[in-house]
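Asks: Below: sequence and its predicted model.
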Amino acid sequence: MDKYLISVDLDDTLLTQDKNITEESIRYIQELERKGHHFIINTGRPHQGAIEYLKKLSIREPMIVNNGGAIVYYDESYDKVVDYITFEMDMDKVISFNKKIKHMLHCGTVTSVFKFYTYDLEKTPFWVIHKSKDVEIIEGDISKTLNSKPHMSEYYVKKEFEKEFEEVLNQEEYKDFHVTKWGTFDDVISYEISSLSADKAKAMIYLANKFNIPLKNTISFGDQLNDLPMIECANYGVAMINSRVEVKEKAKYISEFDFNHDGVINFIKKIIQ
């Protein structure tokens, strides 16, 4: 029997509205694993914000986190990271960039495997903060506090500095930054920056090669713009029916059911008999 690698986003994809995984999905995913397939969580969350779901599934797999910025391996008790691979940003360039743009920010963060840097924790959006005993939160001027290799940064830029911020981004020094502009909320513009070598598709391909899974046996699921690389790359690239319009327009397939009704596993059942 052919083995498949299944790469799945969490929020609004595998997780229900109340941030759970249904019992039916858990049972089916565990059965896939017993048959030798690889079910991989591939999320924008940091590892400490996703590990509860790997534990809930009770499967032994690495997780792709921070939108492909890192691949992490947890111990058997799902208690701590025992190995990791990062698709990291150049630390000197991140420091240089922060020196130039810090006056433009409402707030900003930089992520490494065991450290989370923020200018102002109180201003940092709650959905970005995932407290953990194993990840140190460092508050202050990131251009001065950063001392570990980063793999993702997020900036919340005051609307009046949009043009100036993007002029800095377009400087030759930062040509190897991969930038996602998420939109404007309350006159603050959200940007996510990582290495050009980091996205959900590249990390998925890395694991597929490691597990000797051909690209024709890859399935991916997502609902947002950050999921598009893996949706367009996988042989079965699936946009959830609840996805953004732009995602559904580019996906090869659309799920029949949404994230509240086991949309992921219902599609997999059509492919893997």
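Replies: Yep, it's here.

Asks: So which residues of the chain form helices?
Replies: With DSSP state H as the criterion, the chain has helices at 23-34, 51-57, 91-101, 142-145, 162-169, 200-210, 228-233, 245-250, 263-271.

Asks: Determine which stretch of these is the most buried.
Replies: helix 228-233 (a mean of 22; mean count of other C-beta atoms under 10 Å). In this view, the C-beta of every residue, glycine as well, is placed from N, C-alpha and C.

Asks: quick one: average pLDDT of that one?
Replies: For helix 228-233, the mean per-residue pLDDT is 97.

Asks: re the thing from before, can you lay out the helices of the chain as CSV showing distance to residue 178?
Replies: Shown next, in CSV, are the helices of the chain (distance: least, C-beta to C-beta, whole Å):
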stretch, distance to residue 178
helix 23-34, 30
helix 51-57, 25
helix 91-101, 13
helix 142-145, 19
helix 162-169, 11
helix 200-210, 10
helix 228-233, 10
helix 245-250, 18
helix 263-271, 26
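
Asks: pLDDT score for the closest residue to residue 59 other than its chain neighbours?
Replies: Using C-beta to C-beta, 6 or more residues apart in numbering and skipping residues adjacent in sequence, the residue nearest residue 59 is residue 33, 4.9 Å away. For residue 33, the pLDDT comes out at 97.

Asks: and the nearest residue to residue 121 once chain neighbours are set aside, how many residues sit next to it?
Replies: Using C-beta to C-beta, 6+ apart and skipping the chain neighbours, the partner closest in space to residue 121 is residue 139 (5.2 Å). Neighbour count for residue 139, taken as other C-beta atoms under 10 Å: 14.

Asks: Write down the beta-bridge partners of residue 139, one by one.
Replies: residue 118 (DSSP bridges).

Asks: so what's it up against?
Replies: Residues near residue 139 by C-beta atoms under 8 Å, 6 or more residues apart in numbering: 117-121, 145.

Asks: of those residues, closest to residue 157?
Replies: Each of these was checked against residue 157 using C-beta to C-beta; the closest is residue 119, at 12.0 Å.
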